[in-house]
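Trainee: pasted the sequence and its predicted model underneath.
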Amino acid sequence: METLLRNWWAVALRGALAVLFGILLLAQPAISLVFLVVVWGAWAFVDGIFSLISAVRAAKGHERWGALALVGVTGILAGVIAWVMPGLTAVALVFLIGAWAVIVGVLQIVAAVQLRKVIRGEFWLGLSGALSILFGILVFANPAAGALAVVWLIGLYAILFGITLLALGFRLRSLRQHREVPA
């Protein structure tokens with residue numbers, strides 16, 4: 001706790017950077033989407049390399065290595081595809097989100113029908129399922145708008161996350177001043 005109190009400024013700085021990141025995403029959503037895809041591609045590529053290294057080490061140790069090698073090659077290929085075709089990667093991500101929303105929505109409606117026999121108010125679960133399906137359909141109908149919606153959601157999340165960290169940082173500063181923690 002003392003370390004956290006001494007480094008309150010680091011928490012606040014992290015919050016300020018998150019707010020700044022969120023504002024930048026909201027200010028330039030199209031550029032932000034491409035940036036997110038490229039950064040994700042870099043992560044997938046590096047992760048793939050490390051998985052291949054692990055596969056080689058496992059093979060040398062006479063352990064199972066096939067799955068690690070497959071994960072490695074897949075990560076490297078996904079990273080390269082994200083760099084070479086960021087637009088295609090963004091669209092694929094958006095379609096994945098749309099499919100997820102439809103599947104979750106269907107499952108929520110099924111759960112609401114089953115819960116109808118047990119509780120009251122299952123309507124809300126069914127309604128959330130219907131909204132999820134509608135969102136998924138809208139994403140499929142207009143993937144560009146869906147991609148921008150994802151960027152907006154990330155931007156809004158970053159701003160809210162940053163504000164909470166800023167509040168925590170300044171709260172820690174106040175506690176530090178009252179407890180007279182040495183620097």
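Mentor: Right, received. Where do you want to start? Numbers count the residues shown, from 1 in each chain.
Trainee: could you check the pLDDT of the spatially most central residue of the chain?
Mentor: Note on the chain: the residue nearest the mean C-alpha position is I154, at 7.5 Å, using Cα atoms, centre = their mean. We have a pLDDT of 80 for I154.
Trainee: measure it to S32 for me?
Mentor: When distance is defined by Cβ to Cβ, to the nearest Å, I154 is 8 Å away from S32. The C-beta positions use only the backbone N, C-alpha and C, and glycine is treated the same way.
Trainee: identify the contacts common to these two.
Mentor: The contact sets of I154 and S32 overlap at L25 (Cβ atoms under 8 Å, 6 or more residues apart in numbering).
Trainee: if we can go back for a sec, ok, the residue nearest to the centre of the chain touching L36?
Mentor: Yes - in this structure, I154 is within contact of L36 by Cβ atoms under 8 Å, at 7.4 Å.
Trainee: which parts of the longest helix along the chain are buried?
Mentor: In the chain, assigned by DSSP state H, the helix with the most residues is helix 143-179. Of all the residues in helix 143-179, those buried under the rule 16 or more other Cβ atoms under 10 Å are 143, 146-151, 154-155, 158-159, 161-162, 165-166, 168-169, 172, 176.
Trainee: which other helices and strands does it contact?
Mentor: For helix 143-179, the packing partners by 3 or more Cβ pairs under 8 Å, 6 or more residues apart in numbering; DSSP states H and E come out as helix 2-6, helix 8-27, helix 29-60, helix 86-115, helix 122-141.
Trainee: dump those to JSON lines, plus mean neighbour count.
Mentor: Shown next, in JSON lines, are the helices and strands packed on helix 143-179 (neighbours: other Cβ atoms under 10 Å):
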{"stretch": "helix 2-6", "mean neighbour count": "13"}
{"stretch": "helix 8-27", "mean neighbour count": "17"}
{"stretch": "helix 29-60", "mean neighbour count": "16"}
{"stretch": "helix 86-115", "mean neighbour count": "17"}
{"stretch": "helix 122-141", "mean neighbour count": "16"}
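Trainee: now for the ones you listed, which one comes closest to L77?
Mentor: Among those, the nearest to L77 by Cβ to Cβ is helix 29-60 (7.6 Å).
Trainee: what's the mean pLDDT across the closest one?
Mentor: So the average pLDDT for helix 29-60 ends up being 86.
Trainee: and it with helix 143-179, angle?
Mentor: In terms of direction (axes from the mean of the first three to the mean of the last three Cα atoms, to 10 degrees), helix 29-60 departs from helix 143-179 by 80 degrees.
Trainee: can you give me the offset of stretch 97-110 from its chain's centre?
Mentor: In terms of Cα atoms, centre = their mean, to the nearest Å, the centre of stretch 97-110 is found 18 Å from the chain centre.
Trainee: done for today, thanks.
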